[in-house]
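Enquirer: How does the following fold in three dimensions:
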Amino acid sequence: MTVVVLIAVAEGLRGHLTRWMVEVAAGVFVGNPSTRIRDRLWATLATRVGDGQAIMIEPARNEQGWAVRTAGRDRWVPVDLDGLILSARLRR
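Expert: So this is what the prediction gives:
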């Protein structure tokens, strides 16, 4: 399963994502795209995110069973603490 969270992005980008995933709440998308589709979606999100932020949580072969990608303005960033991925909010 893949989860994508979009924060402060253009409506068109959210609409584009609904072709492959279901929007379960405003800006939160869930789906099970193939690896090829997931990588293409990420390429689109990363280039079109603008001043917003995109976060993708995807399956991975690690202890947690998932990995995270972020693009755009760094409101939340993944932090690796001895192999455990946590999210940190940056102070401004």
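Enquirer: Wait, Arg14 touches Gly27, no?
Expert: Yes - taking CB atoms under 8 Å as the definition, Arg14 is a contact partner of Gly27 at 6.8 Å. From N, CA and C alone the C-beta is placed, and that goes for glycine too.
Enquirer: Quick check: neighbours shared by the two?
Expert: Common neighbours of Arg14 and Gly27 (criterion: CB atoms under 8 Å, 6 or more residues apart in numbering): Leu6.
Enquirer: Could you check which of these two is surrounded by more residues?
Expert: The neighbour comparison of Arg14 against Gly27 (other CB atoms under 10 Å) goes to Gly27, with 18 against 15.
Enquirer: Just give the closest residue to the more buried one, not the sequence neighbours.
Expert: Among residues not flanking Gly27 along the chain, Leu6 sits closest, at 4.5 Å (CB to CB, 6 or more residues apart in numbering).
Enquirer: Point out the other helices and strands that the helix or strand where that neighbour lies packs with.
Expert: Taking DSSP states H and E as the criterion, Leu6 maps to strand 2-7. Contact here means 3 or more CB pairs under 8 Å, 6 or more residues apart in numbering; DSSP states H and E; on that basis strand 2-7 packs against helix 11-17, strand 28-31, helix 35-48, strand 53-59.
Enquirer: Identify the residues contacting Asn62.
Expert: Going by CB under 8 Å, 6+ apart, Asn62 touches Gly83.
Enquirer: now this structure, which segments are flagged as low pLDDT?
Expert: Low-confidence segments of the chain (pLDDT under 70): 75, 92.
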